[in-house]
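# Predicted model, plus sequence, below.
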There are 2 protein chains.
Amino acid sequence: MDEPELIEKLRGRVGQPRTAGVVLGIGDDCAIVRPRGAREDWLYTTDMLLEGTHFLRETHTPAEVGWKALARGLSDIAAMGGEARFCLLSLAVASWVDARWLDGFYGGLLALGERHGAALIGGDLARTERVMCDIVVVGTVPRGKALRRDGARPGDAIYVSGALGGSALGLATGRGKAWVRHKRPQPRMALGRFLRARVGATAAMDLSDGLSLDLHRLCMASGLHAEIAPPPLYRGATLAQGLHGGEDYELLFTAPERARVPGAFEGVPLTRIGTMRKGAAGAVEMDGAPLPPLGYDHLRHL
Amino acid sequence: MDEPELIEKLRGRVGQPRTAGVVLGIGDDCAIVRPRGAREDWLYTTDMLLEGTHFLRETHTPAEVGWKALARGLSDIAAMGGEARFCLLSLAVASWVDARWLDGFYGGLLALGERHGAALIGGDLARTERVMCDIVVVGTVPRGKALRRDGARPGDAIYVSGALGGSALGLATGRGKAWVRHKRPQPRMALGRFLRARVGATAAMDLSDGLSLDLHRLCMASGLHAEIAPPPLYRGATLAQGLHGGEDYELLFTAPERARVPGAFEGVPLTRIGTMRKGAAGAVEMDGAPLPPLGYDHLRHL
């Protein structure tokens, strides 16, 4: 069983929640909830950051770990065009963790939170053998305006922000700007809001598991297929890193052909890479050949 | 550094969040948020459940693990007199986990969620060496009416629900009703709402880490000290298990002397165990002698 299979199975089992106010449940970057009487929709996302999987004690400073834990959740809020409001953190610490490490960890997390208005308001603490963080980020978006994965329409243009593969390159080389990029991802908060409010994007998601897999997911959700050209690559990254490498935390989005999408937003390039088409739902073609979804699947070998 | 120390340090560092709408941040069973325009306050809690710490693969069925993961979070909502609305689950699975285990796990979680109106609306998945769950439960409570730890006043009577030490007894013996109680805790949802709406309780919290430590925390939050007699004990439990054993998930609450507290609610006894007094904040005396907070502190040896 792989991750999409498990998620599909869960969605089937849970159904569309009948709880009043749940607009969107399992399967997108965030769940969407509409509190009774509230002026805005509320977005909910949780993201784990695990020692050994997402970071190593030896190579990541505590501040980088705290930063990255929160950045992953913020990026999901950005992908829906939302504004972060607050976060909660569950943290299980290993025996090697000392007060100094905790200080640095919370320093990194709180610094990024302050930058984006996400106050830390709660969480849980435990002990374990390897450090494990789970961040909950809660955000808001104007009623009914969240950018979802299922909103793309046939003929929409497909775009990505930035250049892809930098994080995979950094992970492979362990040095230079790509390494910094891997360790200190920058969630595209302002860009997400801009895409929602000014561009009229029809769908969006963040690139956390690699373009090939994430675009496949967007196509599945929208019931369409995608035709693309190779994406812009991070300087020094291979095409494979750009297509299948995870953790770039750039935004993948679609917009009507006639939408006015600028060439860059706040210094980050916005590049058209293709077009959404009617056809086999979920299929992605690059330069006319099928592109397999080789990005990072957490459960592929389950 | 122990858990209260770390939490106090974090509270100092984070401060009272200035984000509009955050009524209560770090340090209680739940954080409290008031969305703009909403009719209710929203409650947020996260709770980890770790293989090796909170359950063993050998002794807990997958359904029991799923049940307990959610029960811990629901109990925090109950403690504030709230109603559960939905939940999110982050789950890291170990290599021994198969599709059948996952099926049972979600079965247990969804069964308890259905019983209490907490739909599963999202989460995250990852792989690790030992199973790790982090549950986020979100609930609602009428505006300004949440039962907090800091609301007790001098002269208030102190109560506990049920009989204490059953979970610790079950863990020690691994059999009988106490063992079932340990593995399938019953969050006191209806009781929490009753205490808020009908009894006029002034403070409440759930007993997750043992009466001695949890009452100490309630006293710290309210700036008072407590004088108690021994609490009602679960059949077969020792006084030490009743005082310091964790995971009973009963409710500890205070109410004005004149409040009408019934002897039982839906079959669960409500027993007065003492009185809140002015004095050294956080101190607890039982039968005139200091009761040290020996309950379960996750970080005591950090």
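All right, it came through fine.
# From here on, just use CA atoms for contacts and neighbour counts.
Noted.
# mind showing which ranges of the stretch 151-300 of chain A have poor pLDDT?
By pLDDT under 70, the low-scoring segments of the stretch 151-300 of chain A are A:297-300.
# Which residue ranges of it form helices?
A:166-173, A:176-183, A:189-194, A:211-222, A:239-244 (DSSP state H, counting those that start in this stretch).
# neighbours around residue A:289, how many?
Neighbours of residue A:289 under the rule other Cα atoms under 10 Å in any protein chain shown: 10.
# That one pairs with what?
Beta bridges link residue A:289 to residue A:286 when assigned by DSSP bridges.
# Can you tell me how far it is from chain B?
Per Cα to the nearest Cα, to the nearest Å, residue A:289 is found 31 Å from chain B.
# do the same with residue A:214
Residue A:214 is 15 Å from chain B, by Cα to the nearest Cα.
# which residues touch the nearest residue to residue A:259 once chain neighbours are set aside?
Distances taken as Cα to Cα, 6 or more residues apart in numbering or on different chains place residue A:199 nearest to residue A:259, at 6.4 Å, with adjacent residues excluded. Residue A:199 sits next to A:255, A:259, A:260, A:261 when contact means Cα atoms under 8 Å, 6 or more residues apart in numbering or on different chains.
# Could you check how far the closest residue in space to the last one that isn't next to it in sequence is from chain B?
Ranked by Cα to Cα, 6+ apart and with sequence neighbours excluded, the top spatial neighbour of residue A:261 is residue A:199, at 6.2 Å. Distance from residue A:199 to chain B, counting by Cα to the nearest Cα: 26 Å.
# Figure out how far stretch A:276-283 is from the centre of its chain.
Relative to the chain's own centre, stretch A:276-283 is displaced by 22 Å; criterion: Cα atoms, centre = their mean, to the nearest Å.
# ok, and for it, which residues are buried?
Neighbour-count burial for stretch A:276-283, counted by 16 or more other Cα atoms under 10 Å in any protein chain shown, picks out A:276, A:277, A:281, A:282, A:283.
# The third one contacts residue A:225, doesn't it?
Right, the one you point to is residue A:281. Yes. Between residue A:281 and residue A:225 there is a contact under Cα atoms under 8 Å: 5.3 Å.
# list residues touching both of those two?
The contact sets of residue A:281 and residue A:225 overlap at residue A:219 (Cα under 8 Å, 6+ apart).
# Report the buried residues of the host helix or strand of residue A:5.
Applying DSSP states H and E as the criterion places residue A:5 in helix A:3-14. Residues of helix A:3-14 classed as buried: A:3, A:6, A:7, A:10, A:11, A:14 (neighbour count, 16+ other Cα under 10 Å).
# and that helix, is it in reach of chain B?
Yes. Using Cα under 8 Å from any Cα of the partner chain, helix A:3-14 reaches chain B at A:3, A:14.
# What is that helix packed up against?
strand B:119-127 (3 or more Cα pairs under 8 Å, 6 or more residues apart in numbering or on different chains; DSSP states H and E).
# got the buried residues for the strand it packs on?
B:119, B:120, B:121, B:122, B:123, B:124, B:125, B:126, B:127.
# contact partners of it?
Counting by Cα under 8 Å, 6+ apart, A:3, A:14, A:17-19, A:22, A:24-27, A:30-31, A:44-48, A:298-299, B:85-95, B:110, B:113 sit against strand B:119-127.
# What of stretch A:226-244?
A:158, A:160, A:162-166, A:168-169, A:209-213, A:215, A:219, A:271, A:273-277, A:282-288, A:293-296.
# Would you show me how to pick out the buried ones of these in PyMOL?
To isolate the buried ones among the contacts of stretch A:226-244 in PyMOL, judged by 16+ other Cα under 10 Å, type:
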select buried, chain A and resi 158+160+162+163+164+165+166+168+169+209+210+211+212+213+215+219+271+273+274+275+276+277+282+283+284+285+286+293+294+295+296
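# Report the beta-bridge partners for residue A:264.
Beta-bridge partners, per DSSP bridges, of residue A:264: residue A:269.
# Quick check: it touching residue A:270?
Yes. When contacts are counted by Cα under 8 Å, residue A:264 is listed as touching residue A:270 (5.0 Å).
# out of these two, which sits in the busier spot?
residue A:270 (21 against 13).
# Okay, that one and residue A:255: tell me how far apart.
The gap separating residue A:270 from residue A:255 is 12 Å, by Cα to Cα, to the nearest Å.
# quick one: common contacting residues for the two?
By Cα under 8 Å, 6+ apart, residue A:270 and residue A:255 have these common neighbours: residue A:159.
# which regions of the stretch 1-150 of chain A sit below the pLDDT cut-off?
Looking at the stretch 1-150 of chain A by pLDDT under 70, you get A:1, A:4, A:16-20.
# which stretches of it form helices?
Ranges of helices in the stretch 1-150 of chain A, per DSSP H, counting those that start in this stretch, are A:3-14, A:62-79, A:99-115.
# picking up where we left off before, out of the helices of the stretch 151-300 of chain A, flag the one nearest residue B:176.
Closest of the helices of the stretch 151-300 of chain A to residue B:176 is helix A:211-222, at 47.7 Å (criterion: Cα to Cα).
# Centre of the chain to the closest one, how far?
The answer for helix A:211-222 is 13 Å, by Cα atoms, centre = their mean.
# how about the CA coordinates for that helix, as PDB?
Output in PDB follows, covering the C-alpha atoms of helix A:211-222 (Å, rounded to 0.1, in the frame of the first residue of the first chain):
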ATOM      1  CA  LEU A 211       7.000  17.900  -9.100                       C
ATOM      2  CA  SER A 212       6.300  14.500 -10.700                       C
ATOM      3  CA  LEU A 213       4.400  13.200  -7.800                       C
ATOM      4  CA  ASP A 214       2.800  16.500  -6.700                       C
ATOM      5  CA  LEU A 215       1.600  17.400 -10.200                       C
ATOM      6  CA  HIS A 216       0.200  13.800 -10.500                       C
ATOM      7  CA  ARG A 217      -1.800  14.500  -7.200                       C
ATOM      8  CA  LEU A 218      -3.100  17.800  -8.500                       C
ATOM      9  CA  CYS A 219      -4.200  16.100 -11.800                       C
ATOM     10  CA  MET A 220      -5.900  13.300  -9.800                       C
ATOM     11  CA  ALA A 221      -7.800  15.800  -7.700                       C
ATOM     12  CA  SER A 222      -8.900  17.900 -10.700                       C
END
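# Kind regards, and thank you for your time.
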